[in-house]
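Colleague: Next one to model:
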Amino acid sequence: MKKIIALVIVLALAAAAYGFIRNKNSVEAQPLIDFAEITRGDIENVISCTGTIEPVRTVAVGTEVSGKIDKIFVDFNDNVKKGQVLAVLDTTFLQSSIRDANASIVRADAQYRKAEKDYEHNKELFDQHYVSELELLSFETTMKSNFASLQSAQSALERAQFNLDHALICSPISGKVINRNVEEGQTVAASFSTPTLFQIAEDLSKIQILAAVDESDIGQIKEGQEVRFSVESYFDKKFQGAVREVRLQPKMVSNVVTYTVVVDAENKEGLLLPGMTATLDFVVEKKENVLLVPSSALRIQPTEEMLAAMRRNWTGRQRPGDSTGQRQRDPNARRQGDPNTQRQWDPSSGEGRRSGPPDGNGNWGGRGQRENMARLCTKDDQGNYSAIPVRKGITDGLMTEILENDRVHEGQKVMSSVIQVAEKQNNSNGPRLDMRVMGRALGR
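Modeller: This is a model prediction of the structure:
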């Protein structure tokens, strides 16, 4: 009998030890929570892209005359005036063409005068019936042919004079030489196309930027819109500009459609050079002195236990003027369409189940307000979880504006991320993180 009692005692002690060890090795699941603070400040909604800096007006100076470059009077970065001589071609052959054209005119004029006299003389004989009509027609044809030759010789002289005059390459505008493509002694041929000798920018104190804006953002770009931009050479300096026009011609590169937006900017310091790549921010909307919260706080996914607690706290939340902690409902409200008869806002999704969520005062919004509604999660000192419905404003991606209501204020702590720890046996590996529930939003 004593042996049986001893065996029972041993089994009881073994069971108690096993339960103690098991409870000791198990890890209680506790979520890891990060908190962020609601702040007050300025926020902007911007569209970013890149573009190329160009002069507002650039003229390519060429030549209409073929020949050898005899002299060049300007170089890179030289300032020039309208009508100033930039270069001159060798005029030796051009002057010879002038002399040849003058000689051709003298010859054609003499032949025309002789043919004219012959026609007048034979016209008198024709009137006296000494010359037939056919013979008179021959003299008339010779006279008109010589007159045409005289006009052709005069045209040749005009062309030769034009070529000689255009042997002087002059600037069509006042500006700065930004490119020179020829050297002295180089031969240029203008037979098939006009060669470009110089490029002149009219005024580099004003520049334009040709920005490539994606088709998904082009609808938010308007004329006169404020633009900030920077360049790599002066990464710590911000420049200002404004949208001049949105060009309608699309461009497709690698199946990506973009539109060219022209931005005007001042360049009085001369820091911006043609060809630089600018990084632009189009200011779509901006607000000052508003409540701001990290965007991740609006996208967290609480655990099931947190959601259950939030539902309980929301259901039991006392509205102003209610002594029972429940909404006062009119028995006839359902027939009258009173919004109080609508189902309550669901903290788990951040949306109302019928016409939309309430604002911070418990007022219900319409269907068009759903997209701007969100949820902030809090935890008080006693460990109670709550969900606060808020209405979103503009966002810059990292921070989001929260429209003010009586349940949010500057300095308030809200959850910014929740990581759930799964309950596992504490073997050699220890507790593991369940990555299926991640509250830290990555911009999705």
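
Colleague: The stretch 201-350 of the chain: strands as residue ranges?
Modeller: 206-214, 226-231, 234-253, 256-266, 277-294, 345-346 (DSSP state E, counting those that start in this stretch).

Colleague: List the buried residues of the second one.
Modeller: Neighbour counts using 16 or more other C-beta atoms under 10 Å place 227-229, 231 of strand 226-231 among the buried residues. For glycine as for every other residue, the C-beta is placed from the backbone atoms N, C-alpha and C.

Colleague: Let me know the closest of these to V106.
Modeller: Checking the buried residues of strand 226-231 against V106 by C-beta to C-beta gives V231 as the nearest, at 64.7 Å.

Colleague: got the contact list for the closest one?
Modeller: Residues in contact with V231, defined by C-beta atoms under 8 Å, 6 or more residues apart in numbering, are 53, 239, 271-272, 276-279.

Colleague: Next one: N289 relative to A242, how far apart?
Modeller: Separation of N289 from A242 (C-beta to C-beta, to the nearest Å) stands at 25 Å.

Colleague: tell me the domain ranges of the protein?
Modeller: According to automatic domain parsing, the chain comprises the domains 32-42+290-321+331-438, 46-56+202-288, 60-90+167-201, 91-165.

Colleague: Which one of those has the poorest average confidence?
Modeller: Ranked by mean pLDDT, the domains of the chain bottom out at domain 32-42+290-321+331-438, with a mean of 69.

Colleague: L273: what's its closest spatial neighbour, skipping adjacent residues?
Modeller: I53 (6.9 Å; C-beta to C-beta, 6 or more residues apart in numbering).

Colleague: Quickly find the element holding the one you found.
Modeller: Taking DSSP states H and E as the definition, one finds I53 inside strand 39-55.

Colleague: a helix runs through L157, doesn't it?
Modeller: Yes: per DSSP: H, G, I helix; E, B strand; the rest coil, L157 lies within a helix segment.

Colleague: Just say helix, strand or coil for G411.
Modeller: Assignment for G411 (three-state DSSP): coil.

Colleague: which residue sits closest to it, ignoring its sequence neighbours?
Modeller: Per C-beta to C-beta, 6+ apart, closest to G411 is E37, 6.1 Å.

Colleague: What's the local residue count around that neighbour?
Modeller: E37 is flanked by 14 other residues according to other C-beta atoms under 10 Å.

Colleague: quick one, what contacts it?
Modeller: E37 neighbours (C-beta under 8 Å, 6+ apart): 411-414.

Colleague: Would you mind naming the residues that bridge with it?
Modeller: Per DSSP bridges, the residues bridged to E37 are K413.

Colleague: TSV for the buried residues of strand 226-231, including distance to D214?
Modeller: TSV is the format used below for these (distance: C-beta to C-beta, whole Å):
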residue	distance to D214
V227	16
R228	18
F229	17
V231	21
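
Colleague: Now the two most distant members of those residues.
Modeller: V227 and V231 (13.4 Å).

Colleague: tell me the contacts of G62?
Modeller: Taking C-beta under 8 Å, 6+ apart, one finds 190, 194-197 in contact with G62.

Colleague: What spatial separation is found between the residue nearest to G411 and M415?
Modeller: Taking C-beta to C-beta, one finds E37 at 11 Å from M415.

Colleague: and if you look at R375?
Modeller: From R375 to M415 the distance is 10 Å (C-beta to C-beta).

Colleague: What of S216?
Modeller: 31 Å.

Colleague: And the strands of the stretch 201-350 of the chain: which comes nearest Q84?
Modeller: strand 206-214 (21.5 Å).
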